[in-house]
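**Student:** curious how this folds, go ahead:
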Amino acid sequence: MTATPSIEVDHLTKRYGDVTAVDDVSLAIHPGEIFGFLGPNGAGKSTTIRTLLDLIRPTSGECRILGLDSRRDAVEIHRRIGFLPADLALWPNLTGRQTLEYLAHLRGGVDWAWVDALAERLGADLSPKVGEYSSGNRQKVGILQAFMHRPDVVILDEPITGLDPLVQLEFHALLRETADAGGTVFLSSHTISEVERVADRVGFIRRGHLIAVERMSELHDKALRRITLEFASPVPADAFAGVEGVREASAEGVTVTAQYEGSMAPLLQVATAHDVLSVSSASVDLDEIFLAFYRDEVAAAGDDPDAPSHAPAGAA
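**Tutor:** Predicted coordinates:
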């Protein structure tokens, strides 16, 4: 990694009146990296992005992109980055191609052979008017405008909205190619599977607090699994308390659900002391891994891990 991060967020705080949407967030993202920014709706993801892009001003803290100050050097930054907002708005009476031509003109021109190749990869028909597009086809135009000038940094807010699975795969391949060529991808999403599929590192934000930043490979190494046990008669969750590898267990009727890491053997040894009727196991979602391993940090940030998020409109 180079000495200068592509994206730097330094003690960023943004308040809307009495509500703090982003609270003292710091992170650094480097060239050649796909960084997943994960959190529920209202967690502070879009607020962080809008501040990075100087679309809103921070209450305190600083942001830099490509070593440039996001406020003082906003024009130069916008020349060198691509951005896909979550609330993409386009001109309904322009065709897809006219939309891209207009935006390309604002940028001083683009390589149309590159744009046409991208459109073909995504299956984007640029001839209809944007007002006639489905949400997925509008999203394809949004992706094209973000990548058409081969930016150094791409910032994407909920990019796979409306895309069918095959187009999602092609889009994720484009992200990897961008990173492999030395570019930087900042991928904000509440879709856990998307972040797991493509990110090198992931940050988890909840109620404006950046709870943790981890490499995906390390998260997978300590990934939890969930086991569901059905018994002939009720078994208390306390029966699994203190069992090696078991991080959490709950009981409802004759069913016990437990989250565990490592070997299943100690857990099964306890279970088979009772009359087990069925056993099923599955991976735990990425956000549950974060909450399981960083519950203390969540609590220290003044958050209840089991409570819904609250943020002002537009502060996602």
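
**Student:** please parse the protein into its domains.
**Tutor:** Listed domain ranges for the chain are 7-220, 224-283 (source: automatic domain parsing).

**Student:** tell me which of these is the most buried.
**Tutor:** domain 7-220 (a mean of 18; mean count of other CB atoms under 10 Å). Backbone N, C-alpha and C define where each C-beta goes, glycine included.

**Student:** quick one: it to chain centroid distance?
**Tutor:** With CA atoms, centre = their mean, to the nearest Å as the basis, domain 7-220 stands 10 Å off its chain's centre.

**Student:** check the spacing between residue 274 and residue 224 real quick.
**Tutor:** Separation of residue 274 from residue 224 (CB to CB, to the nearest Å): 23 Å.

**Student:** ramachandran angles for the residue nearest to residue 94 when sequence neighbours are not counted?
**Tutor:** Distance criterion CB to CB, 6 or more residues apart in numbering; nearest residue to residue 94, sequence neighbours excluded, is residue 130 at 5.8 Å. Main-chain dihedrals, residue 130, degrees, to the nearest 10: phi -60, psi -30.

**Student:** kindly report the same for residue 241.
**Tutor:** phi -70, psi 130.

**Student:** end to end, how far does stretch 193-206 reach?
**Tutor:** End-to-end span of stretch 193-206 (CA to CA, to the nearest Å): 18 Å.

**Student:** I'd like the numbering to begin with 9 instead of 1 from here.
**Tutor:** Happy to do that; since the first residue is 9 now, the last one works out to stretch 201-214.

**Student:** what about that stretch, average pLDDT?
**Tutor:** For stretch 201-214, the mean pLDDT works out to 89.

**Student:** mean pLDDT lowest for which of the domains of the chain?
**Tutor:** Across the domains of the chain, the lowest-scoring stretch is domain 232-291, with a mean of 91.

**Student:** for this protein, what spans make up the helices?
**Tutor:** Along the chain, counting by DSSP state H, helices occupy 53-60, 82-88, 104-115, 120-130, 143-155, 173-188, 200-206, 224-229, 273-279, 294-301, 303-308.

**Student:** how about those in a markdown table, adding distance to residue 214?
**Tutor:** As requested, the helices of the chain are exported to a markdown table (distance: least, CB to CB, whole Å):
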| stretch | distance to residue 214 |
| --- | --- |
| helix 53-60 | 10 |
| helix 82-88 | 28 |
| helix 104-115 | 34 |
| helix 120-130 | 32 |
| helix 143-155 | 26 |
| helix 173-188 | 24 |
| helix 200-206 | 14 |
| helix 224-229 | 16 |
| helix 273-279 | 28 |
| helix 294-301 | 8 |
| helix 303-308 | 6 |
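
**Student:** all set, thanks.
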